[in-house]
Each structure stands twice: as structure tokens, then as C-alpha cells.
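Chemist: give me coordinates for this.
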Amino acid sequence: MGASISTKTNSIPTHTPNPIRLLLWGALLALVLWVAVDLYVPRKNSLREFNPNEVARLETAMWRSYYQKKPVLLFWQLAGGLRQQFHAPFWRSFILGFQASKAAFDFKKGKSRMEYQKTLPDLISYYESIQALSTEQFNVPNVAKLELEWWIVHRQRERYSYSDLANALVQTSAALYNQPPASFGTYGRLRADAMRLCDDVRQKPGGATEADWQHIEDELNQAWSSFHQAVQRGR
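Modeler: As a prediction, this is how the structure comes out:
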């Protein structure tokens, strides 16, 4: 009697890709590429191209955040301002914002010139990042040192006058844009006046009002408009 032999073919299971997983991996890859391009592909813009009225508005908002001890808000404002007015790429704007806000709040903790000097490495890093994005060439350590100097002059108001502050602002701008200090004389005086107004109104009972901050912004509008005119003439 014959026996029948049956054969069974084992089929290899096929795996169907999960479309959601593929979409997520694609999105992740796109994000990694975006960050890499943003951080490492050279991109330069002129520091002379900005809206002075918008810079005045941003600076007023940042002063409020600084004096109200809101470092996170200051960080976001700095990053946003760098993107809007100085054309910083998205992710690099956060690095710049972190460097600048860290320097500002580290400086705020200082009590003496020696302690203030500890802020200098952060300012050098910040200006190195600015240099990498700028078509303008400047001496990074010198500009960072001058930036810190006007911070100190403003902080030590018992030792320095607002005329000293105006001059310190002028010297910083002249070094940054490689222009004669006289180009920035009006700007220095007007911005120092805005700082004086800010210092005065913060001493009032109850602190600065909305009307006070609007007055400060108006003063800064004049300062940054003068600054904008100066850097356009320096082209």
C-alpha cells in the first residue's frame, strides 16, 4: 500500500512598515539636518541692517525683564531680537541669547570690579558668535572689554557720571563698527539719558509705571535712530 507524502512550504512573513513610525523618523532626520545647517553652515549679514524703532522697543522690554529679575524672559527676548533685527539663524539665536543673558545676570551678582571681570569670558564668547554671523570685522576681545566697561560705569554710579557712561557707549560702538568715536556722540548721550531716566523712575515708590516705560522707549527710539544714521554713513 502506498503512502502519500504531503509537503508544506513555509512562507516567510513580510513586515509592513509602520507609516507613522516612518513619518516620525523622517521628521527627526529633517530636524537634525535643520539644526546642523543652522549651526554650522556659514551665514553672514550686516550689523548695519536693523529697524531702530524695533530695537528700542526690544531694549525697553529687556530692561524690564532684567530689573524684574526674569532671566528666562530676557533670554527669549534676546533670541527673538537677534533673529528679527540682526538676522541670526533660529538655533544660533538661542545660543547667542543664552550667552548674553548669562553674562548679564552673572554681572548683576557682582559687587566689585574684580567680580565684574568674571563676566568677560562670556562676553568674548558672545561677540565671537556675533563675529561669525557678521560681514563687519572687529577686534572681539577689545569690543567685549569695552562692553563690560560701560556696564561697570553704569553700575558704579557713585564713581562715574552719565557723561562717562555716554563716552563708554561711544567707544564700544566705534570699536564694533570701526568708525570714529565722534560718529556716535549723539547716540551715546541719548542712550545714557535713557538709562538715567530708567534709573530714576525705578527709585520711585511703587517702581516704574507703564507711562515711565513708554517714556524710556521714546528716549531709546531717538538714541537708536541716531545710531542707525551713524552706521549708515559709515558704509
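
Chemist: any idea whether the residue lying closest to residue 192 once chain neighbours are set aside is helix, strand or coil?
Modeler: Distances taken as CB to CB, 6 or more residues apart in numbering place residue 166 nearest to residue 192, at 3.9 Å, with adjacent residues excluded. C-betas here are computed from N, CA, C, even on glycine. Following DSSP: H, G, I helix; E, B strand; the rest coil, residue 166 is assigned to helix.

Chemist: how much space between residue 166 and residue 150?
Modeler: To residue 150, residue 166 is 9 Å away according to CB to CB, to the nearest Å.

Chemist: ok so, going back, surely the residue nearest to residue 192 and residue 191 touch.
Modeler: Yes - judged on CB atoms under 8 Å, residue 166 makes contact with residue 191 at a distance of 7.4 Å.

Chemist: return whichever helix in the chain runs longest as CSV; C-alpha atoms alone will do.
Modeler: Counting by DSSP state H, the longest helix found in the chain is helix 210-233. Only the C-alpha atoms of helix 210-233 are listed here, as CSV (Å, rounded to 0.1, in the frame of the first residue of the first chain):
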residue,chain,number,x,y,z
GLU,A,210,3.7,102.0,32.2
ALA,A,211,3.9,105.7,31.3
ASP,A,212,7.5,105.7,32.6
TRP,A,213,8.5,102.7,30.4
GLN,A,214,6.8,104.4,27.4
HIS,A,215,8.9,107.5,28.1
ILE,A,216,12.1,105.3,28.3
GLU,A,217,11.2,103.7,25.0
ASP,A,218,10.7,107.1,23.4
GLU,A,219,14.2,108.1,24.5
LEU,A,220,15.6,104.9,23.2
ASN,A,221,13.9,105.5,19.9
GLN,A,222,15.8,108.7,19.5
ALA,A,223,19.1,107.0,20.5
TRP,A,224,18.8,104.1,18.1
SER,A,225,17.6,106.3,15.3
SER,A,226,20.8,108.4,15.7
PHE,A,227,22.8,105.2,15.9
HIS,A,228,21.2,103.8,12.7
GLN,A,229,22.1,107.0,10.9
ALA,A,230,25.7,106.9,12.1
VAL,A,231,26.3,103.3,10.9
GLN,A,232,24.7,104.0,7.5
ARG,A,233,27.1,106.9,7.0
